[in-house]
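> Just need the structure, nothing else, for what follows:
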Amino acid sequence: MFGDTFKSFAINLDGLNGRNVFTCGDFISGRIVFDLSKEMRVNSINVSLKGKAKVAWSTGSSKNRRHYSAREDYFNIKCDILQHNAIGGGETVLRSGAHEYPFRTRFPEGNFPSSFQGVHGRVFYALVVQIHRPWHLAKEFRSELNFVSHIDANHPQLLAPLSASNDKELCCLCCTSGPISMNCRLDRKGYVQGEMIQIIAEFENASSRTLVPRATLVQTQTFYTYSRLSKRCVPKNLVKVEGTPVMPHRSGVWGNQMLQIPANIPLTISNCQILEVDYFLMVSLCIPNGTNLSVIFPLIMCSIPVCRPPA
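Just a heads-up that it's a prediction; the model follows:
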């Protein structure tokens, strides 16, 4: 068996940074290292740098099930690290023992989405090593890479403050209970993973009910078929914070309410035709046995944090 020929196989990358995170234009280099248990004849060995997105989901019962899928290819950059020897039938004989081959390639420039693993699809980038032998299918080894798209939180549109307000009348049986209202502000729209969101809000409760202010960070994953004729949307509440209840005929204030963004969430993806990842902050006044009063702020999860001036 071909697999029994390899005692070990590894794709060792040279350290670009502490996390091996790559982006457009970055060079990627390393070594292919393997140990053979016996002699092996090969035509060639090559390395491919690939990027693509895939989605797939199903709907309906088992008797009436429909399947949806789509795929988007970004690039496939191939480089040869061992070409066949023209003498001797176009084959190279690799002796048993350790072998090591360096390689170097580069991510192309372009508007590619960040790596992502979702409920019904993913965006992934990988180094794929192919070993071609005479009269055999190519043997593949792969190593996935963490690719990050440049999303700069310092863009003027992402630094602009956000504000929103909402109000409604509450009823108690046949009687009007009184209006409630809220005014909320965020200092900006762009954030990075692990950062704190500062929420400023004023709540007015002229009703006879006790209301609880709450802020929730929500992620939505949306998957599309080609031409976006069908889609599947998956919302997920990531983290929330609740404030002091606002008593009847009283007001409440969030002067400096903080909500921390999880450190390991994916970046916003808006540059893929078959997959999107969006975020929004929902600030609500929670009404017992009623429909909450809410405002929604769309947010962008960025890869480049806000540059703050030195103190």
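
> And the strands in the stretch 51-200 of the chain, which stretches?
66-82, 92-94, 97-106, 116-117, 121-132, 139-147, 162-172, 175-186, 190-192, 196-205 (DSSP state E, counting those that start in this stretch).

> Would you convert those into TSV that also reports mean pLDDT?
Putting those into TSV (pLDDT from 0 to 100) gives the following:
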stretch	mean pLDDT
strand 66-82	94
strand 92-94	88
strand 97-106	94
strand 116-117	98
strand 121-132	95
strand 139-147	92
strand 162-172	88
strand 175-186	86
strand 190-192	97
strand 196-205	96
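
> In JSON lines: those strands, plus distance to Cys272 and mean neighbour count.
In short, each C-beta sits where N, CA and C put it, glycine included. As requested, the strands of the stretch 51-200 of the chain are exported to JSON lines (distance: least, C-beta to C-beta, whole Å; neighbours: other C-beta atoms under 10 Å):
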{"stretch": "strand 66-82", "distance to Cys272": "7", "mean neighbour count": "14"}
{"stretch": "strand 92-94", "distance to Cys272": "40", "mean neighbour count": "14"}
{"stretch": "strand 97-106", "distance to Cys272": "22", "mean neighbour count": "14"}
{"stretch": "strand 116-117", "distance to Cys272": "9", "mean neighbour count": "14"}
{"stretch": "strand 121-132", "distance to Cys272": "6", "mean neighbour count": "20"}
{"stretch": "strand 139-147", "distance to Cys272": "12", "mean neighbour count": "16"}
{"stretch": "strand 162-172", "distance to Cys272": "25", "mean neighbour count": "14"}
{"stretch": "strand 175-186", "distance to Cys272": "26", "mean neighbour count": "17"}
{"stretch": "strand 190-192", "distance to Cys272": "19", "mean neighbour count": "21"}
{"stretch": "strand 196-205", "distance to Cys272": "25", "mean neighbour count": "19"}
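
> of these, which approaches Ile300 most closely?
Ile300 sits nearest to strand 190-192 of all the strands of the stretch 51-200 of the chain, at 4.8 Å, using C-beta to C-beta.

> In which helix or strand does the nearest residue to Thr244 once chain neighbours are set aside reside?
Computed as C-beta to C-beta, 6 or more residues apart in numbering, the closest residue to Thr244 that is not its neighbour in sequence is Gly252, at 6.5 Å. If you go by DSSP states H and E, Gly252 is part of strand 250-260.

> Report the residue spans of the protein with pLDDT below the cut-off.
Residue ranges of the chain with pLDDT under 70: 1-3, 16-19, 84-89, 171-176, 309-311.

> So what's the residue count around Lys236?
11 (other C-beta atoms under 10 Å).

> what's the distance between it and Asn46?
For Lys236, the distance to Asn46 equals 40 Å [C-beta to C-beta, to the nearest Å].

> buried residues in the helix or strand harbouring Val283?
Applying DSSP H and E as the criterion places Val283 in strand 275-286. For strand 275-286, the neighbour count (16 or more other C-beta atoms under 10 Å) marks Leu275, Glu276, Val277, Asp278, Tyr279, Leu281, Met282, Val283, Ser284, Leu285, Cys286 as buried.

> what does stretch 294-305 give?
Ser294, Val295, Phe297, Leu299, Ile300, Met301, Cys302, Ser303.

> Pop out the phi and psi values for Asn292.
Main-chain dihedrals, Asn292, degrees, to the nearest 10: phi -60, psi 150.

> Quick check: nearest residue in space to it, chain neighbours excluded?
With C-beta to C-beta, 6+ apart as the criterion, Asn292 has its nearest non-adjacent residue at 4.4 Å, and that residue is Ser284.
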